[in-house]
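Give me a 3D structure for the following:
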Amino acid sequence: MKIAVTVSDGNVFQHFGHSEAFMLYETLDDKIINSELIITNGNGHGYLSKLLHNNNVQVLICGGIGAGAINALTEYGIKIYGGVTGNADAAVLALLNNTLKFNPNFKCNHHGDDHDCSSHDCGSHRLNRNTLK
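As a prediction, the model looks like this:
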């Protein structure tokens, strides 16, 4: 199975549509066999959803995610685990061990379908480009 995690500084990044990086994990028999950092430059949920689809991702672990992104990922058959915080590696291991704490109803609710965060910094959504790991 291939799992993607939105990342910043080794932790789950909290805004899917502004994710500047994903950690992609390949798993086999509930173990991580490979991982790779993909830099995305935060190009929006449409681009990011297609990027994950083109990389054969089956599962996404993220913090916040809007309705447009949920719809795009669902169309590609990607299962979403939202509302996750903490270390990205630990989140994947927890998913593999069926202990991942996530919120199946979590999504960015301060964003309307047309909201793009350009008018403010969206608090925890801000990413320090110098701390990608």
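
what's the distance between residue 32 and residue 11?
Using C-beta to C-beta, to the nearest Å, residue 32 is found at 17 Å from residue 11. In this view, the C-beta of every residue, glycine as well, is placed from N, C-alpha and C.

More neighbours: the two, which one.
The residue with more neighbours, out of residue 32 and residue 11, is residue 11; 20 against 14, by other C-beta atoms under 10 Å.

what residues are up against that one?
85, 86, 87, 88 (C-beta atoms under 8 Å, 6 or more residues apart in numbering).

possible to save the residues you listed as JSON lines with secondary structure and pLDDT?
Formatted as JSON lines, these follow (DSSP: H, G, I helix; E, B strand; the rest coil; pLDDT from 0 to 100):
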{"residue": "85", "secondary structure": "coil", "pLDDT": "95"}
{"residue": "86", "secondary structure": "coil", "pLDDT": "97"}
{"residue": "87", "secondary structure": "strand", "pLDDT": "98"}
{"residue": "88", "secondary structure": "helix", "pLDDT": "97"}
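
Closest one of these to residue 53?
Nearest to residue 53 among the contacts of residue 11, counting by C-beta to C-beta, is residue 88 at 20.1 Å.

quick one: that closest one and residue 62 touch, right?
No - using C-beta atoms under 8 Å, residue 88 is not in contact with residue 62, being 10.1 Å away.

anything in contact with each of those two?
Both residue 88 and residue 62 are in contact with 5, 12, where contact means C-beta under 8 Å, 6+ apart.
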